[in-house]
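# Next one to model:
(one chain, ligands or ions: 1)
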Amino acid sequence: MAKLKALVKAGVVNNEGYYVVGGRTAIDFANSAQRFDRDGEGLASLEDLLTFLKSQELLHEDEASAFHMYIFQNPERCQQVMDKLHDMRIRFSENLKQASEGWPIDPNFVADLNDLLATYKTKIELVPSDSGYEVKNSLVEEGPEQLLYPILKDMAVFLASDQVEKARVCASDTCELFFVNQSRNGRRRWCSMSTCGNRAKVNAYLKRKEA
Ligand SMILES: [Zn+2]
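So this is what the prediction gives:
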């Protein structure tokens with residue numbers, strides 16, 4: 001627990017153990033196969049997905065509990081959602097890896113992402129707020145499929161941004177985390193200085209000492 005707290009403080013993971021070195025939902029999602037202190041898949045169930053979305057502040061606690069009923073009522077439908085999610089994560093990660101090596105994003109992936117986004121109907125409405133009204137953009141249909149929407153949307157926004165060419169994979173041999181290199185000198189090599197960066201520094205020091 002102490003280690004988790006230290007990593008949360010260093011901005012490596014959030015309280016739920018999901019890596020936040022990506023700095024935005026799409027990249028943190030690409031890294032979500034791993035969860036600190038957990039063996040196996042980080043997003044193994046719809047329950048995990050609810051936790052991930054809450055930890056990304058994309059889902060409110062009350063909303064999350066409403067989604068719980070799908071887990072009991074329609075486990076098959078939930079499984080389909082998770083299968084789709086895993087499929088998109090694999091392909092998005094492949095594209096991130098390619099982008100980190102200077103390759104363009106695969107148009108087939110873009111087309112499939114577009115097809116998936118097209119299955120969502122949204123509505124715009126005025127809702128009361130503290131200072132009068134605010135415009136709210138929300139999904140029309142309800143179901144576990146809804147849970148993918150904020151992730152897919154951020155993926156699209158990311159792919160349209162200048163961050164694509166700054167996508168990187170951590171330089172550590174034992175780490176596969178993605179991040180966006182936004183350092184001013186463009187030299188960031190590690191997912192985080194407090195984990196992989198530090199380990200590399202210590203290893204380099206030990207090597208020098210041996211020599
Ligand atoms: Zn790393």
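
# hey, let's count contacts and neighbours off CA atoms from now on
Noted.

# Output the below-cut-off pLDDT ranges for the protein.
Applying pLDDT under 70 to the chain picks out residues 1.

# tell me which parts of it are close to the ion?
Within the chain, the positions near the ion by Cα under 5 Å from the ion are C170, C175, C191, C196.

# for the lengthiest helix in the chain, packing partners?
If you go by DSSP state H, the chain has its longest helix at helix 75-100. The elements that helix 75-100 packs onto, with contact taken as 3 or more Cα pairs under 8 Å, 6 or more residues apart in numbering; DSSP states H and E, are helix 25-30, helix 46-55, strand 167-169.

# Of all residues in this protein, which one is nearest the centre?
Central residue of the chain (Cα atoms, centre = their mean): F29, 1.7 Å from the mean position.

# these two touch, right, I71 and D48?
No: if you go by Cα atoms under 8 Å, I71 and D48 don't touch, sitting 11.5 Å apart.

# Spell out the residue ranges of the strands in this protein.
Ranges of strands in the chain, per DSSP state E, are 122-129, 132-139, 167-169, 178-180.

# Deepest-packed of those strands, please.
Most buried of the strands of the chain by mean neighbour count (mean count of other Cα atoms under 10 Å) is strand 178-180; its value is a mean of 25.

# ok, it: who's next to it in the sheet?
When pairs are called by DSSP bridges, strand 178-180 turns out to pair with strand 167-169 (antiparallel).

# For the partner strand, which outside residues touch it?
96-97, 99-100, 176-181, 189-191 (Cα atoms under 8 Å, 6 or more residues apart in numbering).

# ok, now which ones touch the nearest residue to F52 once chain neighbours are set aside?
Among residues not flanking F52 along the chain, Y18 sits closest, at 7.1 Å (Cα to Cα, 6 or more residues apart in numbering). When contacts are counted by Cα under 8 Å, 6+ apart, Y18 touches D28, S32, Q34, R35, F36, G42, F52.

# Output these in TSV, with distance to Q146 appended to each entry.
As requested, those are arranged in TSV below (distance: Cα to Cα, whole Å):
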residue	distance to Q146
D28	19
S32	18
Q34	23
R35	23
F36	26
G42	20
F52	14
